[in-house]
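S.K.: Task: produce atomic coordinates for the following.
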Amino acid sequence: MHKTIKLIRLSLGVIFLWYGFLKFFPHLSPAEVLATKTIDILFFGFFSPEVSIKLLALWEVVVGVGFLL
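M.R.: Next up is the predicted model:
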């Protein structure tokens with residue numbers, strides 16, 4: 001694999017992992033409010049903000065680990 005592509009993949013993995021990790025702790029993520037409002041609109045309020053931010057955090061961590069592997 002080309003070194004540039006590998007570096008981009010690893011960089012994205014770290015970013016996804018970091019932002020996902022921050023969302024597990026209330027009020028620590030700078031994108032928490034935006035994320036909960038967006039999920040609320042997309043899913044018509046089906047998920048509570050507490051549940052939606054945890055699901056998003058889990059998804060971002062999984063994607064980050066996927067990029068790193």
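
S.K.: how close does Leu56 get to Ile41?
M.R.: 14 Å (C-beta to C-beta, to the nearest Å). Any C-beta I mention is one placed from the backbone N, CA and C, and that applies to glycine too.

S.K.: okay, those two: which has more neighbours?
M.R.: The neighbour comparison of Leu56 against Ile41 (other C-beta atoms under 10 Å) goes to Leu56, with 21 against 9.

S.K.: ok, and the closest non-adjacent residue to the more buried one?
M.R.: If the residues on either side of it in the chain are set aside, Leu56 comes closest to Ala35, at 5.5 Å by C-beta to C-beta, 6 or more residues apart in numbering.

S.K.: Tell me which helix or strand the residue nearest in space to the middle of the chain sits in.
M.R.: The centre of the chain sits closest to Glu60, judged by C-alpha atoms, centre = their mean, with a distance of 3.1 Å. Using DSSP states H and E, the element containing Glu60 is helix 49-68.

S.K.: Report the distance from that helix to the chain centre.
M.R.: Chain-centre distance of helix 49-68: 4 Å, with C-alpha atoms, centre = their mean, to the nearest Å.

S.K.: I'd like to know which elements it is packed against.
M.R.: With contacts taken as 3 or more C-beta pairs under 8 Å, 6 or more residues apart in numbering; DSSP states H and E, helix 49-68 sits against helix 3-23, helix 32-42.
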